[in-house]
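J.: Show me how the following folds:
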Amino acid sequence: MTTAEHIDMIDDAMTLPAEVALSGDHTSTAGTSGFAEAGQLEPGSVEHELQEMVDAADSLRRDGVITAADAEKKKAEVEKTRKLFRELPPEQRAAIVKRRRDLGLQILNRELAGAAVVAVDLKLNHTRLRPLFLQSWPYLNRMSLNLQRFGADTFGRSELTTINDFLERELAKLEDYVDEQLRVAKAYCEMREAEMKAKNDIIFRPTVTRPSLEMEIQAYSRFSLRALQVLVNFDKTMDEFDFMVWNGIRDQSDVNDQVNSFLRKFQPLALRSYTTHLKLMTTIRGI
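T.: Below is the predicted model of the structure:
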């Protein structure tokens, strides 16, 4: 992996949760989410992901899948990434984030020869989901197809199984989480609306007249469609949050906390999809 690819990878890991912040400040999130000074590694953080890479290298070496030299090489790459993570200046992170989103849009607008696709009319109402979508889903979508096509040529059998299991496990957890969030939010809004009607209170029904993102996209796999539906369903959940805020049911800071939680939970899937995408593209360029 080149230095530029390393920087892209760690920047993606840092900035996905930073989209949570209303101020858009990447520095504070990047400086705290990756390293747990108390000795605990936050799941989905950069340091957690890097430690998983080290553990995986040791495990593969013990099982005889890779040699001791290969294991040391992988661990050296992890240390190089750690160093880059610590030293990357904020302005460089911001430039990389912009480039990543621009590349994500290019991928969305480019048709892939020979691919069987499902066209989707996508609409996301809420601005805070747009950066997450552009930084993650286009790469996840392309990765899901290339993993089917070139996974066996890129990864060993054990590593490929580990990747597939991880992706499925993370997506299933996200689906369950968002389904529950949407179901609970709808039920709570209906209950409070009934209470307000009984008291003859004024009820506001806010709508988004200008969506944050509205375009036709092409999905390459069932997996990427499921990931897309997670984003769409949480966008619907945020519609319910809008109703709560407008009618004084919940404070905006409470809603921000729930949105932040979702963005953090999406990060491990987004990060692993992107790093897998990078490795697959290396194989594709060599064919």
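J.: Quick check: what element follows the helix or strand containing Ser144 along the chain?
T.: Assigned by DSSP states H and E, Ser144 belongs to helix 130-154. For helix 130-154, the following helix or strand on the C-terminal side (DSSP H and E) is helix 157-198.
J.: Quick check: buried residues in stretch 139-156?
T.: Within stretch 139-156, the residues scored as buried using 16 or more other C-beta atoms under 10 Å are 139-147, 149-151, 154-155. (Each C-beta comes from the backbone N, C-alpha and C, glycine too.)
J.: next one: stretch 102-116
T.: 104, 107-108.
J.: Same list, these, but as CSV with pLDDT and distance to Trp246 please.
T.: Formatted as CSV, these follow (pLDDT from 0 to 100; distance: C-beta to C-beta, whole Å):
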residue, pLDDT, distance to Trp246
Gly104, 81, 32
Ile107, 84, 36
Leu108, 83, 32
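J.: Which of the residues you listed fall within helices?
T.: 104, 107-108 (DSSP state H).
J.: so which of the residues you listed comes closest to Leu132?
T.: Gly104 (10.6 Å; C-beta to C-beta).
J.: Provide a list of residues in contact with the residue lying closest to Ile249 once chain neighbours are set aside.
T.: For Ile249, ignoring the flanking residues on the chain, the nearest one in space by C-beta to C-beta, 6 or more residues apart in numbering is Arg192 at 5.2 Å. Shown in contact with Arg192 (C-beta atoms under 8 Å, 6 or more residues apart in numbering): 244, 247, 249.
J.: pretty sure the second one is touching Lys197, no?
T.: No - contact status for Asn247 versus Lys197: not in contact, 11.4 Å apart, counting by C-beta atoms under 8 Å.
J.: which neighbours do these two share?
T.: Ile203.
J.: The helix holding Ser144 versus helix 157-198: what angle between them?
T.: 160 degrees (axes from the mean of the first three to the mean of the last three C-alpha atoms, to 10 degrees).
J.: how much space between Asp254 and Glu87?
T.: 36 Å (C-beta to C-beta, to the nearest Å).
J.: more crowded one of these two?
T.: Asp254 (12 against 8; other C-beta atoms under 10 Å).
J.: Name the residues of the helix or strand the more buried one falls within that are buried.
T.: Using DSSP H and E, Asp254 sits in helix 252-286. For helix 252-286, a neighbour-count test (16+ other C-beta under 10 Å) marks 255, 258-260, 262-281, 283 as buried.
J.: What residues does Cys189 make contact with?
T.: 240, 243-244, 249.
J.: Buried subset of the residues you listed as a PyMOL selection?
T.: Listed next is the PyMOL selection for buried residues among these, using 16+ other C-beta under 10 Å:
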select buried, resi 240+243+244+249
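J.: Could you export the buried residues of stretch 102-116 to TSV, including columns for distance to Lys73?
T.: Output for those, formatted as TSV (distance: C-beta to C-beta, whole Å):
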residue	distance to Lys73
Gly104	30
Ile107	30
Leu108	35
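J.: what pairs with Val120 across the strands?
T.: Val120 forms beta bridges with Ile217, as assigned by DSSP bridges.
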